[in-house]
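In: could you look at this predicted model? Sequence included:
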Amino acid sequence: MSLNYDRALEIYEPTLGLEVHVELNTNSKMFCGCATEFGAQPNTQTCPVCLGLPGSLPVVNERAIESTILIGLALNCSIAPFSRFARKNYFYPDMPKNFQTSQYDEPICVNGFLDVEVETDDGNEIFRVEIERVHMEEDTGKSLHVGGATGRIHGADYSLLDYNRAGIPLVEIVTKIVPNTGKYAPAVARGYVAALRDILRSLKVSDVKMEQGSLRCDVNLSLSKKGSGELGTRSETKNVNSLRSVERAVTGEIIRHANRLQSGEKIVQETRHFLEESGQTRPGRSKEQAEDYRYFPEPDLVPVVPDAKWIEELRNSLPEKPAERRKRLQQAWSVPDKEMSAMVNAELLDTVEQTVLLGADPTKARSWWLGEISRIANDKSVAPTELITVKDVAQIIELIAKGELTDKLARQVVEGVIAKEGEPSEVIAKRGLKVVSDDSELMKAIEAAIAATPETAQKVRDGNIPAAGALIGAVMKSTGGQADAARVRELLLKHLGQ
Amino acid sequence: MSIRDNAWQMASALSNKEISAVELANQHYEQINAVDKDVHAFLYLDKEGALAQAQEVDKKRASGEKLSPLAGVPLALKDVMTQKDVPTTCGSKILENWRPPYDSTVVTKLKEAGVIILGKTNMDEFAMGSSTENSAYGPTHNPWDLTRIPGGSGGGSSASLAAFEAPLAIGTDTGGSIRQPAAVTGTVGVKPTYGGVSRYGLVAFSSSLDQAGPCARTVLDAALLHQVIAGFDPKDSTSINQVVPDVVAAAKKLDIKGMKIGVVKQLAGEGYQKGVENKFNEAIAELVKLGAEIIEVSCPNFEYALAAYYLIAPSECSSNLARFDSIRFGLRVGDDGVKSAEEVMNLSRQAGFGREVKRRIILGTYALSSGYYDAYYGSAQKVRTLIKQDFDNAFAKCDVLVSPTAPTTAFKIGEKSNDPLAMYLNDIATIPVNMAGIGGMSLPCGLAEEDKLPVGFQIMSPAMKDDRMYLVGGALEAALLAKWGKPILDFAPKLAGSK
């Protein structure tokens, strides 16, 4: 009999560990001056250093060190007064030097933490995730295996190598083991990665695009029998590429481990790959055949010895913590929890804030960005902010507030701006979308509506106010929606003696 | 003007327009054509590039442009330094026909100074060896006796000087590869302070020990070349951002009165050839005559230097040489469309690396393995610290330290090629300098009585005090020249076809 998730957690306690790799957004690579732009023609952003040509030498990118220290500080780490790079030696075709310049036993940031807020049965609860280390390293190149069924190196007809990514600065953030999360383990894992992503975004040190691989997560998981107090054998699921996948990977591994353990099998310490379609993992290479990386201090680089004063300057330059900012905005805008989360999940918090800063009402700004604009963006599979600017949205909201646009008209303006017909004012002019605010014109339309359905008008005269709705509707229809419904109602009722 | 002149004499003939750079380069190519079939100092001659460079210098000189002191003087470049579009093999099959797309910083500086690069010189594969016998392209022969080794790894550079194929050369020194060849060929070789000359473009053997430096026939010539190639390079993180000491002024000063010169007790005795010790002691006597004070110093940890070196250097080399995987450059063997990338890499490395290189890769891989790291690499690093302390203590008492450069004169080709340990012992006196990152020079101090072969005298100076070894070396050289009546190379037998 196989165990489901809930049963599994009645018997076992999960322990998490998360390793996140972040590509920094520096203009140049970690150890050379090559550009780092994503998606360039293969092998156009290379030089003797990042190709590992004989005789070339690395030079550390100062900006990458600064970014890493900022990350460490934001994660409440201590910054090492002395840290070193080390060589991690192993052969792989897309790794030019056949060693990765990384940090090993002397990382630049150690002992931090990140608080993660998770929705539990008893309301929102904070889980503290302790950070073991934050260190710098370089990315490898990229292999494209052509032919064969799996797209993996085994069975491929040939492989193409692109070294543009080789040497891009990477920061690895490693947690200590995260115990006692119980059934919330998947949510804690997801929440941790999300919170980390927000922090990195607020620091402006990375694009943090999981889908492009600029933020990648390895999920370590083990189970121990409840009350046993012993850590189980862990599996490591590599390169999980979305928040949802992080959550699914943890859930999937809990179920897999529990069922193996329950049937008396052992957990193999190994790396596994996450399969997006099924939410399951499949085995990668076993740690028993794991390579000996033969780490030793990188002799081509001098130790990193950041000035204490500089570290303090960086500490003072840290932006407001995303979680605190969120609380502040939520209060200022009086947004319910659920909608705040929706805004954050849609990655529209910054956008809404900018719109509000341009004078828009927070509720309106939120509903336009998360409603109409997100809907269109979704249809087109693009980000809402790629369709329309914050300035245009703020202007449209302002016109509604002034009564110059109705919601219905405003939707057409948005549509026009997205269709690149120009700024809101141009779209209004071209499409003739101005609200009819001339009372005499409205009166003509009202009289026509009364003339068309005199019985209804009589009902209103007799005090049946809700009957006015039909007349108002007729007026709105005859004016092509360009009338202000409230004004029509006002004029109509007055005209009918109410 | 003769090709037997010193570089500074050639420089002054060029500057007085007694000879053009093109003529001077051509004279050297004639000599190379005449003798290199016997000496085999060169792996590649870039005649076209060199003459174009020489023409450029002549044109500039004719137009009255101010030129650097060595402009137009030819030079031989050790084949471990990259030179754009010129084959750089490191004496290895694995890099056969590889033409680097970039200049090493040393080459950039040489080109800027108008120094004419005649070609690339032979060496032990990847600079691993003390005899140049480990070159995949055949050994270099010592111009003093063609049946003997010219030292190594930079045997080609030093032999080219002794054979008058070039007045200047660039070497690299990881454990003595500049100084020991200088010693056994009767020439001068200097390993500058680690970080004094950029390593950018020097194909790494052991990154924490490698250092490029000048080779010449006189101390002053070496100083002039040192001045050209030294200095901070932002492309090399380990290069030192300080003013280069004025080594040329030091080489010219010739006054060492009152200087304290330490003789290292441990670098003498057992294993040192009698004639080597005699010539060394005679040179010490000259230094006393010049007014120097001789002090005996003890460096007890030097005893462990060789053992520690043969853990650190192979460890670093096992990692540095990993990039030779046949994928982006160099030899590729077995790529038949069926074998995997890994198989092709293995076959290529198997075919491309020689025995000594493989020996050191295996040794280094083992020394860095988990479970062995602390015992081997870790302990070796501790020894390194102790050696530095020995030097610090010694330099607290003296301005420079001295010793024989190599325990013996040039041995016969083939004599030690099957005995790696005997071969390694050649560097027993030079290795401590690399371990501590300080400066070391070798200059000739006479011919050993028993074999009439040159003996090298080593001068060691504290880090970034390279001027001190030039000061002592210049003065000693002048005294010995006066004593001998002619330069030491004039005692060498004439090579067939040589001018």
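Out: Good, I have the coordinates. Numbers count the residues shown, from 1 in each chain, chains lettered A, B, ... in the order given.

In: so where's the stretch 351-499 of chain B shaky on pLDDT?
Out: In the prediction, the stretch 351-499 of chain B carries no residues with pLDDT under 70.

In: residues of it that sit close to chain A?
Out: Proximity of the stretch 351-499 of chain B to chain A is confined to B:365, B:368-370, B:373, B:377 under the rule CB under 8 Å from any CB of the partner chain. The way it works is simple: take the backbone N, C-alpha and C, and place the C-beta from them, glycine included.

In: those in helices, which ones?
Out: Those of these mapping onto helices are B:365, B:368, per DSSP state H.

In: packing partners of the host helix or strand of A:Leu261?
Out: Here A:Leu261 sits within helix A:243-262, counting by DSSP states H and E. Under the contact criterion of 3 or more CB pairs under 8 Å, 6 or more residues apart in numbering or on different chains; DSSP states H and E, helix A:243-262 touches helix A:5-11, strand A:12-23, helix A:185-203, strand A:215-225, strand A:235-240, strand A:270-274, strand A:281-286.

In: re earlier: need the residues of the stretch 351-499 of chain B next to chain A in JSON lines (columns: neighbour count).
Out: Output for those, formatted as JSON lines (neighbours: other CB atoms under 10 Å in any protein chain shown):
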{"residue": "B:Thr365", "neighbour count": "18"}
{"residue": "B:Leu368", "neighbour count": "24"}
{"residue": "B:Ser369", "neighbour count": "14"}
{"residue": "B:Ser370", "neighbour count": "11"}
{"residue": "B:Tyr373", "neighbour count": "17"}
{"residue": "B:Tyr377", "neighbour count": "22"}
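
In: residue 275: what's it in contact with?
Out: You didn't pick a chain, so chain A it is. A:281-282 (CB atoms under 8 Å, 6 or more residues apart in numbering or on different chains).

In: correction: the question concerned chain B.
Out: B:409, B:447-451, B:455.

In: ok, A:Thr101 to A:Leu57 distance?
Out: 11 Å (CB to CB, to the nearest Å).

In: neighbour-wise, which of those two wins?
Out: Legend: neighbour count by other CB atoms under 10 Å in any protein chain shown for A:Thr101 and A:Leu57, higher for A:Leu57 (24 against 20).

In: part of a strand, is that one?
Out: No. Going by DSSP: H, G, I helix; E, B strand; the rest coil, the assignment for A:Leu57 is coil, not a strand.

In: surely it meets A:Asp300?
Out: Yes. Contact status for A:Leu57 versus A:Asp300: in contact at 5.3 Å, counting by CB atoms under 8 Å.

In: list the contacts of the helix or strand encompassing A:Ala410.
Out: Using DSSP H and E, A:Ala410 sits in helix A:407-418. Helix A:407-418 has contacts (CB under 8 Å, 6+ apart) with A:368, A:372-373, A:376, A:387-388, A:392-393, A:396, A:399-400, A:405, A:422-424, A:427-428, A:430-431, A:433, A:435, A:481-482.

In: can you give me the strands for the chain?
Out: Let's take chain A. A:12-23, A:78-79, A:86-89, A:99-102, A:109-120, A:123-138, A:142-146, A:158-162, A:169-175, A:215-225, A:235-240, A:270-274, A:281-286, A:296-297 (DSSP state E).

In: you answered for a different chain; I wanted chain B.
Out: Under the criterion DSSP E, strands of chain B are mapped to B:42-45, B:74-78, B:116-121, B:168-172, B:188-191, B:212-216, B:260-264, B:293-297, B:400-404, B:439-447, B:454-461.

In: point out the most buried one among those.
Out: strand B:188-191 (a mean of 33; mean count of other CB atoms under 10 Å in any protein chain shown).

In: quick one: it to chain centroid distance?
Out: Distance, stretch centre to chain centre, for strand B:188-191: 6 Å (CA atoms, centre = their mean, to the nearest Å).

In: what packs against it?
Out: For strand B:188-191, the elements it packs on are helix B:179-185, strand B:212-216, helix B:219-229, strand B:439-447, helix B:466-484, judged by 3+ CB pairs under 8 Å, 6+ apart.

In: next, format those as a markdown table and append distance to B:Leu95.
Out: Formatted as a markdown table, the helices and strands packed on strand B:188-191 follow (distance: least, CB to CB, whole Å):
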| stretch | distance to B:Leu95 |
| --- | --- |
| helix B:179-185 | 21 |
| strand B:212-216 | 18 |
| helix B:219-229 | 23 |
| strand B:439-447 | 28 |
| helix B:466-484 | 31 |
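
In: quick check: buried residues in the helix holding A:Ala410?
Out: A:409-414, A:416-418 (16 or more other CB atoms under 10 Å in any protein chain shown).

In: what's the closest residue to B:Leu386 other than its chain neighbours in contact with, if anything?
Out: Spatially, and ignoring its direct neighbours in sequence, B:Leu386 is nearest to B:Asn301 (4.1 Å; CB to CB, 6 or more residues apart in numbering or on different chains). Contacts for B:Asn301 were tallied using CB under 8 Å, 6+ apart; they are B:383, B:386-387, B:389-390.
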